[in-house]
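1. Got a sequence here, can you build the structure:
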Amino acid sequence: MKPISVGYKIRKIRELKNLTQEHVAEQLGISQASYSKLESGEVEINASRIEKVAELFKMKPEEIYAFDENIVFNYCQNHGFGYYNTVNVVSQCEKDLYEARIKDLTDQLEFLKSLLTKS
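-> Numbering: from 1, shown residues only. You can find the predicted model right below:
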């Protein structure tokens, strides 16, 4: 089984944080195209860049290397939390952001359901 690349892990963490490639690239001082190449594994990510990404994500570099989305999602599902809690990966602030995002999505779903029942 092929190991998961650091770029893939960064992409998944960025998505969990609901950040765009454009935003992260801007914060890192690089173009979106260059950032995209980091996530896709087209270019190697050096330690200095990992530190900057980790700082932006409010994580430690080792947490990025250790990130496993399956552990995160399985833990959350098994404990009835949905997809916003994590184990040793996100801070309370990030957890609150996930909860707010899920509430927004739930509200949107309810709104769309109400539109369907009106028609």
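2. domain ranges for this structure?
-> 1-67, 68-119 (automatic domain parsing).
3. Go through those domains and pick out the most buried.
-> Ranked by mean neighbour count, the domains of the chain are led by domain 1-67 with a mean of 15 (mean count of other Cβ atoms under 10 Å). For the C-beta atoms, the positions are set from N, CA and C on the backbone; glycine is no exception.
4. Export the domains of the chain as a markdown table, with columns for mean pLDDT.
-> Formatted as a markdown table, the domains of the chain follow (pLDDT from 0 to 100):
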| stretch | mean pLDDT |
| --- | --- |
| domain 1-67 | 91 |
| domain 68-119 | 71 |
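5. Centre of the chain to the longest helix seen in the chain, how far?
-> Ranked by residue count and defined by DSSP state H, the top helix of the chain is helix 92-118. Centre-to-centre, helix 92-118 and its host chain are 18 Å apart (Cα atoms, centre = their mean, to the nearest Å).
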